[in-house]
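Engineer: prediction below, plus the sequence it came from.
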Amino acid sequence: MPKQIAIYARVSSQEQAQGFSIDEQIRRGQMYAELHNLASVEIYQDPGFTGTNPNRPAFQQMMSQVKAGQISDIVISRLDRLHRNLGDLQATIASLEKHGVTLHGINENLDTKSAAGRLFVNIMGSFGMYFSEQLSERVVAGHREAQRQGSWTNHAPVGYDLVDGQLVVNEDEAQRVRRAFELAATDASLAEISAATDFSRAYVGYLLRNPAYLGLVYERLADLPRNRPSQLLREREDVHEGRHEALVEDETWDVVQDVRGARSNAGEDATRHPFSGILRCECGAAMELHQAKPGVYTYRCTKRTLHKSQRMVEQTLLAYLDTVREDTETMEEIRQALKDEGAAAHQRVAGRLPQARRKLTEARTARDRWSDAYARGVTDEETFQAHQPKIAADLREAAEELAMLENVEQSVEVQKAEFEEFVETLLEMPLISTLWDYWDQAEKGVLLRSLLLRVTVQKDSLIVQPLQGPAVELNYVETRGRKPSSGAGLGKVGNTSKPTRGLEPLTC
């Protein structure tokens, strides 16, 4: 039985609303297959599914056929039709390679069988995910503004009900919340508080550090330091006075934070870091950034297997990255991929504006028609008034959507220019380590995901797996008052080989 040629097409619900056509993807895929003499075509399509969701029915059916050896080639219009998550994309491509399936991109030259082609695919996947995340952050900017004005934009915490977008005290639950704080102020343990309030121990820990009970709103609870007094919280830029009633007095809150802080062994604050998703302990668990004491941070295994100085880990990797930076051909490919993806991201946003403007025009036209009909006596006052809430809601929704998109478009323009400047700086600088401390977390993360697949922390060394080429073992760089030197403490990893000085050539 001859193997199938699969054409895979996908549009999210949002893309469907913006006029992106799944039929056009299929038509172009069929034309591509015909031009390249790819016969026995089978169509797999997932309308209304986002690329961040790997559990799409047609996609899963296609991958089952791949594993059964029934598909030889897959045709897609763009790489992001498969996934908008780099890890999922890498796993899918690895599965396709394992089963001998060739991936064809209509708009992108996808050659997953050569080192340069695989590098390009990983770069495009990495920056596709980056721009997707950045756009998502822009979209929620409206939530941030609402929070600054004191509105609550999440699910109601225990002790409150959410009524018309505002937190209203649920007195039955509020009594349990107040009781939890009263017990915590007396140095009761989480287990004791849990037994007395019928909250789980985990929720008690969350509850006791949630500033919502002070009458405050915040942007991200995970970003707030633990065990901080009420006054310091109110001074933060990401914490705002809410419109809801507080359940706990400032004095009670401050006592609880002092008690909880004394119980803690250290100022524990697991923080997102540039190596998130890349850095792993030798036991396989993720590594988190932990403040051991003021000004001193370590990367710590989530299973507590080991921990290493943040400075030691980062300087050791910078020494390795400096050697990669000197590969001019690889860096030029990264620069071009970044620029192309930035332009594509801008185009995707700009393409949504015409429909948003039409929607606002239609809402205004509907409003004017009803007003004119009422003024001319074509419709009675009762009917006119009955339609006013929907007309007002449609008009408000259309205006807010257009304003949001225009804001996103401007933000993407600025972001695109800033990122291109970052890329040019990256190419012109002598060593990556010279500007590391000046980049923000997102820029560092983009660079790392473009070059590294995995970094494993061991007791005496790091194991670095680049996107292409063999794994490399790095002996830790001495960090006492000096910067890492390029190529220091490097050696190739073998099954039984010991680390050696010098860097093995990297295949990119």
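Structural biologist: Looks like it came in fine. A quick note: this is a predicted structure, and the numbers were derived from the prediction, not measured.

Engineer: strands of the stretch 201-350 of the chain, start to end?
Structural biologist: 216-218, 239-241, 279-281, 287-293, 296-301, 307-309 (DSSP state E, counting those that start in this stretch).

Engineer: let me have the ones you listed in TSV, adding distance to Gln355 and mean pLDDT as columns.
Structural biologist: Heads up, the C-betas are built off the backbone N, CA and C, glycines and all. TSV is the format used below for the strands of the stretch 201-350 of the chain (distance: least, Cβ to Cβ, whole Å; pLDDT from 0 to 100):
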stretch	distance to Gln355	mean pLDDT
strand 216-218	33	90
strand 239-241	34	90
strand 279-281	42	89
strand 287-293	42	82
strand 296-301	46	88
strand 307-309	51	89
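
Engineer: same list, those strands, but as CSV with mean neighbour count and distance to Tyr8 please.
Structural biologist: Formatted as CSV, these follow (neighbours: other Cβ atoms under 10 Å; distance: least, Cβ to Cβ, whole Å):
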stretch, mean neighbour count, distance to Tyr8
strand 216-218, 21, 41
strand 239-241, 18, 45
strand 279-281, 21, 31
strand 287-293, 18, 35
strand 296-301, 19, 39
strand 307-309, 18, 42
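
Engineer: so which of these gets nearest Tyr32?
Structural biologist: Across the strands of the stretch 201-350 of the chain, Tyr32 has its closest neighbour in strand 279-281 (39.0 Å, Cβ to Cβ).

Engineer: low-confidence regions, the stretch 101-250 of the chain specifically.
Structural biologist: By pLDDT under 70, the weakly predicted segments of the stretch 101-250 of the chain are 108-145, 222.

Engineer: give the bridge partners for the residue nearest to Leu453 when sequence neighbours are not counted, please.
Structural biologist: With sequence-adjacent residues excluded and distances taken as Cβ to Cβ, 6 or more residues apart in numbering, Leu453 is closest to Gln465, at 4.7 Å. Counting by DSSP bridges, Gln465 is bridged to Arg454.

Engineer: how close does Gln465 get to Val163?
Structural biologist: 52 Å (Cβ to Cβ, to the nearest Å).

Engineer: who has more neighbours, the two?
Structural biologist: Shown here are Gln465 and Val163; by other Cβ atoms under 10 Å, Gln465 has more neighbours (17 against 9).

Engineer: give the contact list for the more buried one.
Structural biologist: Listed by Cβ atoms under 8 Å, 6 or more residues apart in numbering, the contact set of Gln465 reads 452-456, 471.

Engineer: pretty sure Arg84 contacts Asn53?
Structural biologist: No - using Cβ atoms under 8 Å, Arg84 is not in contact with Asn53, being 9.1 Å away.

Engineer: just the buried residues out of the contacts of Gln465, in PyMOL syntax.
Structural biologist: The buried residues among these can be selected in PyMOL (16 or more other Cβ atoms under 10 Å) with this line:
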select buried, resi 452+453+455+456
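
Engineer: among the contacts of Gln465, which one lies nearest to Gln25?
Structural biologist: Relative to Gln25, the closest of the contacts of Gln465 is Leu453; by Cβ to Cβ it sits at 29.7 Å.

Engineer: contacts only, for that closest one.
Structural biologist: The contact partners of Leu453, by Cβ under 8 Å, 6+ apart, come to 90, 278, 465-467.

Engineer: check Ala174 too.
Structural biologist: Contacts for Ala174 were tallied using Cβ under 8 Å, 6+ apart; they are 159-160, 247.

Engineer: check the gap between it and Gln166 for me.
Structural biologist: From Ala174 to Gln166 the distance is 15 Å (Cβ to Cβ).

Engineer: can you check Arg201 too?
Structural biologist: Distance from Arg201 to Gln166, counting by Cβ to Cβ: 30 Å.

Engineer: next: Gln231.
Structural biologist: From Gln231 across to Gln166, the span is 25 Å (Cβ to Cβ).

Engineer: so the chain: which segments form each domain?
Structural biologist: 4-113, 151-263, 328-426 (automatic domain parsing).

Engineer: any chance of those in a markdown table, plus distance to Pro274?
Structural biologist: Listed next are those as a markdown table, based on distance: least, Cβ to Cβ, whole Å:
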| stretch | distance to Pro274 |
| --- | --- |
| domain 4-113 | 14 |
| domain 151-263 | 16 |
| domain 328-426 | 14 |
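
Engineer: nearest to Trp439, out of those domains?
Structural biologist: Among the domains of the chain, domain 328-426 comes nearest to Trp439, with 7.5 Å by Cβ to Cβ.

Engineer: what mean pLDDT does the closest one have?
Structural biologist: Averaging pLDDT along domain 328-426 yields 72.

Engineer: could you do stretch 439-449 as well?
Structural biologist: Averaging pLDDT along stretch 439-449 gives 72.

Engineer: of the contacts of Ala174, just the buried ones, ChimeraX syntax please.
Structural biologist: In ChimeraX, this line selects whichever of these come out buried by 16+ other Cβ under 10 Å:
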select :159,160,247
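
Engineer: tell me where the stretch 51-200 of the chain has helices.
Structural biologist: Using DSSP state H, counting those that start in this stretch, the helices of the stretch 51-200 of the chain run over 57-67, 86-98, 115-139, 141-148, 171-185, 190-197.

Engineer: test my guess that Arg178 contacts Leu247.
Structural biologist: Yes - with contact defined as Cβ under 8 Å, Arg178 and Leu247 form a contacting pair (5.9 Å).

Engineer: list the contacts for the closest residue to Ala184 other than its chain neighbours?
Structural biologist: Once flanking residues are discounted, Ala184 sits nearest to Val256: 4.5 Å by Cβ to Cβ, 6+ apart. Going by Cβ under 8 Å, 6+ apart, Val256 touches 181, 184-185, 208.

Engineer: over to Glu182?
Structural biologist: Applying Cβ under 8 Å, 6+ apart, we find Glu182 in contact with Thr252.

Engineer: what does the one 3 residues further on give?
Structural biologist: With contact taken as Cβ under 8 Å, 6+ apart, Ala185 is in contact with 252, 255-256, 259.

Engineer: can you tell me which of those residues is nearest Glu237?
Structural biologist: Distances from Glu237 to these, taken by Cβ to Cβ, are shortest for Val256, at 23.7 Å.

Engineer: hmm, back to that, nearest to Ile7, out of the contacts of Gln465: which one, please.
Structural biologist: Set against Ile7, the nearest of the contacts of Gln465 by Cβ to Cβ is Leu453 (29.4 Å).

Engineer: quick one: the closest one from Ala91, how far?
Structural biologist: For Leu453, the distance to Ala91 equals 11 Å [Cβ to Cβ].

Engineer: ditto for Gln315
Structural biologist: To Ala91, Gln315 is 31 Å away according to Cβ to Cβ.

Engineer: my guess is Ile22 contacts Tyr8. True?
Structural biologist: No - counting by Cβ under 8 Å, Ile22 does not reach Tyr8; the two are 10.4 Å apart.
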